[in-house]
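Asker: Return a 3D structure for these sequence lines:
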Amino acid sequence: MSKGTTTLPPRTGSRQPAKPKKQKPRKKRSVLKVFFVLLFAILLIVAAGLAYLVFKADEAVDQISSPVDNEVVIPAGETVDKKSVAMLLMGIDARSHGGGLNTDVMMVAVFNPNSKSATIVTIPRDSNIDVDGYRARKANSFYADFYMNALNDKKLKKEAAYADAKQEVRNVMSKLFGIDIKYSAVINFQGFADVVDAMGGVEVDVDMRMKYKDSADGTNIDLEKGLQVLSGEKALDFVRYRKSNNGKNMSSDFERNERQSKVIGALTDKLKSFGGVTKIPSLIEAVGNNLTMDMPSKEIKNMMSTYIGISRADITFIPLEGTWRSPYVYLDDAKLDEARAALQAKLAE
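Answerer: Numbering: from 1, shown residues only. Coordinates of the predicted model:
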């Protein structure tokens with residue numbers, strides 16, 4: 001992942017896109033990245049929805065939305081509470097040990113208000129994306145490249161450059177999947193830790209002694225086995241853990257998936273409790289500080305109230321697959337066709 005420190009664009013100044021490290025095949029790590037964005041999608045809709053209904057969190061919604069897009073008037077019958085909508089979700093790792101504009105996560109989601117369900121397709125960050133009208137490149141470099149092009153070649157100001165970059169990535173993904181992607185969201189993974197902290201931590205049963213340190217990216221996981229309340233950073237370590245420095249207590253994909261489910265379940269249960277509800281103002285603040293959307297604030301509120309009851313059972317998750325031939329993942333055509341059909345079907349419901 002890219003290095004440097006930053007807060008979520010476009011709320012702050014310009015950052016140069018960091019040079020990506022040489023990566024091993026992304027299949028295992030993509031599962032973890034998907035978990036983060038899926039968790040944020042659920043928290044955004046459920047937690048922010050409760051915040052809107054209970055606390056009328058207009059300020060937080062305005063913080064998430066783009067001021068320019070708030071001026072857009074959506075025709076009756078076309079709003080997100082009446083019609084299916086496709087969105088692009090991009091995740092940027094801007095925690096204390098790294099940051100930049102390369103997108104560690106890229107997902108395309110379609111939300112349907114009639115069935116109150118969603119289909120989410122995840123795109124491996126190293127995927128070779130080649131569509132008409134654009135130079136082929138890795139999926140994770142589009143946002144950074146378009147932003148720099150908007151600054152240097154189009155001579156746009158920072159805010160306009162960020163908006164232009166989002167639009168261009170939406171154009172690319174719209175062509176790739178054969179759908180009209182109307183909105184985009186950029187998520188900062190620091191928000192995962194902030195959300196857990198805002199809820200007073202999360203109680204989980206740590207299944208093994210976890211100790212792993214990597215000075216290259218700032219990783220320093222040190223968790224004892226047993227039932228305990230984890231802070232935001234510790235919870236992040238818990239779901240990230242893959243191996244130890246001494247080769248013991250290695251973690252399989254199944255075990256990591258189980259831990260991720262534990263955290264999602266624990267956070268959901270806590271959110272539904274009275275104690276969780278009382279923490280919603282700080283929770284929505286944590287989400288608002290780490291997420292921006294080019295969706296009008298009124299539409300965000302419509303989406304919150306429409307999908308407030310959504311759960312993991314209502315979400316169909318389709319991870320794209322492919323073949324790793326350094327430095328790219330070449331997507332499997334059959335899996336890509338399946339994803340296209342699923343997104344198009346959800347839009348048509």
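Asker: Quick check: Leu347 vs Lys262, distance?
Answerer: Relative to Lys262, Leu347 is positioned 33 Å away (CB to CB, to the nearest Å). (C-beta placed from N, C-alpha, C; glycine too.)
Asker: One more: Asp164?
Answerer: 40 Å.
Asker: repeat for Ala139
Answerer: Taking CB to CB, one finds Ala139 at 29 Å from Lys262.
Asker: Okay, strands next: where are they in the stretch 51-200 of the chain?
Answerer: 85-92, 105-112, 117-123, 128-129, 137-138, 183-188 (DSSP state E, counting those that start in this stretch).
Asker: now for those strands, which one comes closest to Ala216?
Answerer: When the strands of the stretch 51-200 of the chain are compared by CB to CB, strand 85-92 sits nearest Ala216, at 18.9 Å.
Asker: Quick one: list the elements packing against that closest one.
Answerer: helix 27-50, strand 105-112, helix 158-177, strand 183-188 (3 or more CB pairs under 8 Å, 6 or more residues apart in numbering; DSSP states H and E).
Asker: any idea how far Ala341 is from Lys83?
Answerer: Distance from Lys83 to Ala341, by CB to CB: 20 Å.
Asker: and the helices and strands packed on strand 85-92, which one's lowest on average pLDDT?
Answerer: Across the helices and strands packed on strand 85-92, helix 27-50 has the smallest mean pLDDT, namely a mean of 57.
Asker: Quick check: closest non-adjacent residue to Ser117.
Answerer: Nearest residue to Ser117, sequence neighbours excluded (CB to CB, 6 or more residues apart in numbering): Asp314, at 4.4 Å.
Asker: so what's Asp197 up against?
Answerer: Counting by CB atoms under 8 Å, 6 or more residues apart in numbering, Asp197 touches Ser231, Gly232, Ala286.
Asker: Confirm for me that the first one is in contact with Val196.
Answerer: Yes - contact status for Ser231 versus Val196: in contact at 6.8 Å, counting by CB atoms under 8 Å.
Asker: ok, the two, which is more surrounded?
Answerer: Between Ser231 and Val196, Val196 has the larger neighbour count (other CB atoms under 10 Å), namely 26 against 14.
Asker: For the more buried one, which residues are in contact?
Answerer: Val202, Leu230, Ser231, Gly232, Ala235, Leu236, Leu267.
Asker: and the second one, what are its bridge partners?
Answerer: Same thing as Leu230. Val202 (DSSP bridges).
Asker: Low-confidence bits of the stretch 1-150 of the chain, can you list those?
Answerer: Scanning the stretch 1-150 of the chain for pLDDT under 70 picks out 1-63, 66-71, 93-100.
Asker: go with 80
Answerer: For the stretch 1-150 of the chain, applying pLDDT under 80 flags the ranges 1-72, 91-101, 104-105.
Asker: part of a strand, is Lys346?
Answerer: No - the assignment for Lys346 (DSSP: H, G, I helix; E, B strand; the rest coil) gives helix, which keeps it out of a strand.
Asker: what separates it from Gly322, distance-wise?
Answerer: In terms of CB to CB, Lys346 sits 22 Å off from Gly322.
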